[in-house]
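Student: sequence and computational prediction follow.
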Amino acid sequence: MTTENKGKGTSRRSFLTGAAAMGAGAVTATVAKGAGPDPLITEKQAWAMATGDGVDATPYGLPIRFESDVVRRNVEWLTADTISSINFTPIHALDGTITPQGCAFERHHSGAIELAKEDYRLMINGLVDTPLVFSYADLERFPRVTRTYFCECAANTGMEWAGAQLNGAQFTHGMIHNMEYTGVTLRTLLEEAGLGAAGDLADKWVYVEGADASSNGRSIPMEKALDDVLVAFKANGEALRKEHGYPVRLVVPGWEGNMWVKWLRRIEVTDMAVEGREETSKYTDVLEDGTARKWTWVMDAKSVITSPSPQSPMGHGPGPLVISGLAWSGHGQITRVDVSKDGGITWETARLGKQGDTKALTRFYLDTEWDGSDMLLQSRAIDETGYVQPTKEQLREKRGENSVYHNNCIQTWYVNAQGIAENVEVS
Amino acid sequence: MSKSPNLFIPVAGGIALVLGVAYGVTSRGYGSDEIATLETRVQQAATQASSAAEKAAAEAARALELEQVVAEIQAAAATRVAGGSFVEPVPDRDDRYGLGRPAMEQEIAAWDVDVLPDGRGLPVGSGDVWTGEEVFVDQCAACHGDFAEGVDNWPVLAGGFDTLANEDPVKTVGSYWPYLSTVWDYVHRSMPFGAAGTLTADETYAITAYILYSNYLVEDDFVLSNETFADVEMPNADGFIIDDRPEAEYAEWSGEPCMENCKDEVEITMRSVFLVETPPEGGSESVMNPATIEGLPSFTAAGPSFVTEAAVQAEEEAAAPAVQEVAAVDDAAALIEAGEKVFRKCSACHDIGDGAKNKVGPHLTGIMGRTMGAVDGFKYSNGFVDANAEGKVWTAESMAAFLEKPKDFMKGTRMAFAGLRKEEDVTAINAYLASFGD
């Protein structure tokens, strides 16, 4: 028997269309004061009398229906076809640092394929002593490690080069997720095949490709391959999802998501970069004068306020306010995050809610009092190298506006007196 | 009382033995046999005592050793605490685990098909431009267009020369790709979309030759093969630099940042272009944001500027008659913007704007109101030459007629474009073209 109640499936559609947003704060409104006894307390509620679901009602649990709007979403007109496309993590509605697999963004170049563990093969060839083939079961017999890393698409925030575009943190910054991976280090596998044949490793590369039709090959310098790259088969404790490369994907900590090859099938040691399609025609950065940067692998320090934000408006009036967001850096740990409420005139240092691991998402909070006036919210991340997240203006000054990738600018949300937030650009 | 008496029994036995010996010594007269027996016993006792002492010493030594081990473990733990990690690295191993099995040659051949920039990995084979066109139209044109110009949002493969310094660079094989190997490798490995890896080596050479031809990089009699591969020069081969962010950006953007009075005043310069609706069934719908930056506060260290209610009212009253006009301006701007999108279909061949150059087609800056076929330095087809002589002029009407069915409007035009089917696209593009006056 299921207990029914009055909760509505929360569509936040109304919040986003502007004016209609006003009366909609009910979901998150504070308890009304002085309006008489609350019937939710004084009257017996159905759920407090009848019984709820038995165990096994949902053998694999899903979020309760009231959270059904917390899903990844695509923007159809961005790409020609959903098979070669991207969608966005609902970061505006999450807290903490771990991204649940079920709402972690997807990026496919020829669709998410179904590859069974029994059919899985991983080949290591090229400049190795013994080219090898592993089954999935073989991989589980190597020493395993468990580590948490963020995976950010290089194109995250890419639309914003042209100014404030899409109204929502999910759409401006949602090409990111953060999971705890379990797998084998790439170093372990390379050493199993033997690197004697490669000679001097300083100028060698590891080319990795997937089993899907696109194969999405990328070249990784040997130094990185031997440093912290993982061949992962679990995420957040369970098997990888199909859309994230089941049964095995590559994890390239701190480096652009395109290199995290899914359905990993081949690792080749080479004496030069292959310069495949994904590392020449795509994932290169055109500067103002038309020359392009290549091999821009590292994702520089970046942050964004996830709440309040356009899809996560303030549901309350003046008084205590938690400004919360995420910060990350491909160069290591986040050491500090500053928040501004006036568009960058004055900054306050936020509290790190949980120290992120190296190259993993860090959660920050600014516990503040809202005086009810308009705000221009910004956050600014600083990482262990001392690098400070730049403004849009600083980025444009260096790179122009011809780029698609690696936009790690400071984001601005305009929050009005009603608590509604909008993506804006400021002087 | 202990539930395991075993410990107790040997102790009691030992005491009984010692007491027994003492009793015997003090209360009996002894014979030599008995003395011998006693001596043996004494010897035994001495041996036992010395072995007990040895044992005690060994145990003490062992205890010391254990203490040392504990100290070592504690020291290691302290080091890890100081380092913030209790995690040990994966164990090093000199020999191999012996997992997996050697890859066979046929297996490597089947999977290792990548082609390197210097041509290593190319199979023997060849294909010419005309064969390439046939295969391309058959296998690729549905998405990339007959002339590699790209359909809808699918990639444009040809043209785009001299656009890399523009805000929306057109990055094609001809204008952008630095290596020919990338084209061959990608076509052979990952195309056609939905039937990847089904093209033969010769077909791949032919398609690659045709893409080169579409970019005016080879003549129509060109044959691409593993032997002629190295002869092709890619125009943008030198257009790339290796990531220089560490030198160009990191030093400048590091250090203690400003915390107070970092700017005098902050204004909102742009609002979100799109509002995004997120329907319960999933996905999203973008709608143009009708709001303008008018009336938004600016910020100083003293806080946001507020427009007082009275001022707003006065402003609203004063602005009331102008609303329609503003709306009309917005409509026109929206139309031009829509036209800009439609123009993407044209931009592979036509340039527009300040300093626009002739490409495959003539530049279109200032075209509206101009005599047909009048751009300097462009070699027009005969139809346009005649129209020019007759003094025909580009107007919204003539442009609409031309764009609807180019080859009907202008017999013999070399413009391969099939035409715009939607009337709103034609209206939008006219507005866009007209927005570039002389």
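Tutor: Thanks, I have it.

Student: which parts of the stretch 1-150 of chain B sit against chain A?
Tutor: Within the stretch 1-150 of chain B, the positions near chain A by Cβ under 8 Å from any Cβ of the partner chain are B:90-91, B:93, B:96-97, B:99-103, B:107-108, B:111-112, B:114-118, B:143. The C-beta positions use only the backbone N, C-alpha and C, and glycine is treated the same way.

Student: quick one, which of these are buried?
Tutor: Buried by 16 or more other Cβ atoms under 10 Å in any protein chain shown: B:Leu99, B:Gly100, B:Ala103, B:Ile108, B:Trp111, B:Asp112, B:Asp114, B:Val115, B:Leu116, B:Pro117, B:Cys143, out of the residues of the stretch 1-150 of chain B next to chain A.

Student: could you dump those to TSV with pLDDT?
Tutor: TSV is the format used below for those (pLDDT from 0 to 100):
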residue	pLDDT
B:Leu99	96
B:Gly100	96
B:Ala103	98
B:Ile108	98
B:Trp111	97
B:Asp112	97
B:Asp114	97
B:Val115	97
B:Leu116	97
B:Pro117	97
B:Cys143	93
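
Student: of those residues, which belong to strands?
Tutor: If you go by DSSP state E, those have nothing in strands.

Student: other residues contacting stretch B:77-92?
Tutor: A:Pro143, A:Val145, A:Thr185, A:Arg187, A:Thr188 (Cβ atoms under 8 Å, 6 or more residues apart in numbering or on different chains).

Student: need phi/psi at the nearest residue to B:Arg101 once chain neighbours are set aside.
Tutor: The shortest distance from B:Arg101 to any non-neighbouring residue, by Cβ to Cβ, 6 or more residues apart in numbering or on different chains, is to A:Val133 (5.8 Å). With angles defined as degrees, to the nearest 10, A:Val133 sits at phi -120, psi 130.

Student: and if you look at A:Val322?
Tutor: The phi/psi pair for A:Val322 (degrees, to the nearest 10) is phi -100, psi 120.

Student: before we move on, the earlier item: out of the contacts of stretch B:77-92, which is nearest to chain B?
Tutor: Closest approach to chain B among the contacts of stretch B:77-92 (Cβ to the nearest Cβ): A:Pro143, at 4.5 Å.

Student: tell me if I'm right that that closest one and A:Gly183 touch.
Tutor: No. Using Cβ atoms under 8 Å, A:Pro143 is not in contact with A:Gly183; the gap is 10.5 Å.

Student: so A:Asn87 bridges to which residues?
Tutor: The partner list for A:Asn87 in beta bridges (DSSP bridges) reads A:Asn74.

Student: for it, which residues are in contact?
Tutor: Counted by Cβ under 8 Å, 6+ apart, A:Asn87 has contacts A:Arg72, A:Arg73, A:Asn74, A:Phe105, A:Glu106.

Student: do B:Thr427 as well
Tutor: B:Leu335, B:Ala400.

Student: what about it, distance to B:Ala434?
Tutor: 11 Å (Cβ to Cβ, to the nearest Å).

Student: please apply the same query to B:Gly125.
Tutor: 51 Å.

Student: and B:Pro123, by the same measure?
Tutor: The gap separating B:Pro123 from B:Ala434 is 53 Å, by Cβ to Cβ.

Student: what about these two, which has more around it?
Tutor: B:Ala434 (19 against 14; other Cβ atoms under 10 Å in any protein chain shown).

Student: and the pLDDT for the closest residue to that one other than its chain neighbours?
Tutor: In this structure, B:Ala434 finds its nearest non-sequential neighbour in B:Met368, 4.5 Å apart by Cβ to Cβ, 6+ apart. Looking at B:Met368, its pLDDT reads 88.

Student: if I've got this straight, B:Met368 is in a helix?
Tutor: No. Counting by DSSP: H, G, I helix; E, B strand; the rest coil, B:Met368 falls outside a helix, being coil.

Student: count of neighbours near it?
Tutor: Neighbours of B:Met368 using other Cβ under 10 Å come to 19.

Student: for it, what are its contacts?
Tutor: Applying Cβ under 8 Å, 6+ apart, the residues near B:Met368 are B:Trp394, B:Thr395, B:Ala396, B:Met399, B:Asn430, B:Leu433, B:Ala434.

Student: now B:Ala380: how far from A:Glu223?
Tutor: If you look again at residue B:380, you'll see it is Tyr, not Ala. 57 Å.

Student: no wait, B:Ser381
Tutor: 57 Å.

Student: of the two, who's got more company?
Tutor: B:Ser381 (15 against 12).

Student: hmm, that one is touching B:Asn388, no?
Tutor: No. B:Ser381 sits out of contact with B:Asn388 when judged by Cβ under 8 Å, with a separation of 11.0 Å.

Student: all helices for the stretch 51-200 of chain A, in order.
Tutor: Listed in chain order, the helices found in the stretch 51-200 of chain A under DSSP state H, counting those that start in this stretch are A:136-139, A:169-173, A:186-193.

Student: name the helices or strands packed onto the shortest one?
Tutor: Meaning helix A:136-139. strand A:230-235 (3 or more Cβ pairs under 8 Å, 6 or more residues apart in numbering or on different chains; DSSP states H and E).

Student: for the longest one, same thing?
Tutor: In this structure, helix A:186-193 makes packing contacts with strand A:121-126, strand A:132-135, helix A:222-225, strand A:230-235, strand A:264-270, judged by 3+ Cβ pairs under 8 Å, 6+ apart.

Student: make a markdown table from these and add mean pLDDT to it.
Tutor: What follows is the helices and strands packed on helix A:186-193, written out as a markdown table (pLDDT from 0 to 100):
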| stretch | mean pLDDT |
| --- | --- |
| strand A:121-126 | 98 |
| strand A:132-135 | 98 |
| helix A:222-225 | 98 |
| strand A:230-235 | 98 |
| strand A:264-270 | 98 |
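
Student: so which of the ones you listed gets nearest A:Trp370?
Tutor: For the helices and strands packed on helix A:186-193, the distance to A:Trp370 is smallest for strand A:230-235, at 37.0 Å, taking Cβ to Cβ.

Student: partner strands of the closest one, with direction?
Tutor: When DSSP bridges is applied, strand A:230-235 pairs with strand A:176-185 (antiparallel), strand A:238-239 (antiparallel), strand A:249-251 (antiparallel).

Student: which one of these lies nearest to B:Asn289?
Tutor: strand A:176-185 (24.4 Å).

Student: touching stretch B:410-417 from outside, list them.
Tutor: Contacts of stretch B:410-417 (Cβ under 8 Å, 6+ apart): B:146-147, B:345-346, B:349, B:361, B:381-384, B:387, B:402, B:406-407.

Student: widest-spaced pair of the residues you listed?
Tutor: Top of the distance list for the contacts of stretch B:410-417 (Cβ to Cβ): B:Asp146 and B:Ala387, 25.9 Å.

Student: so which of these two has more stuff around it?
Tutor: Per other Cβ under 10 Å, whichever of B:Asp146 and B:Ala387 has more neighbours is B:Ala387, with 21 against 15.

Student: what about the more buried one, helix or strand, and which?
Tutor: Applying DSSP states H and E as the criterion places B:Ala387 in helix B:382-390.

Student: what's the first helix or strand after that helix?
Tutor: helix B:396-404.

Student: pLDDT at B:Val70, what is it?
Tutor: Reported pLDDT for B:Val70: 87.

Student: centre of the chain to the helix or strand where it lies, how far?
Tutor: Assessed by DSSP H and E, B:Val70 sits inside helix B:32-83. Helix B:32-83 has its C-alpha centroid displaced from the chain centroid by 66 Å (Cα atoms, centre = their mean, to the nearest Å).
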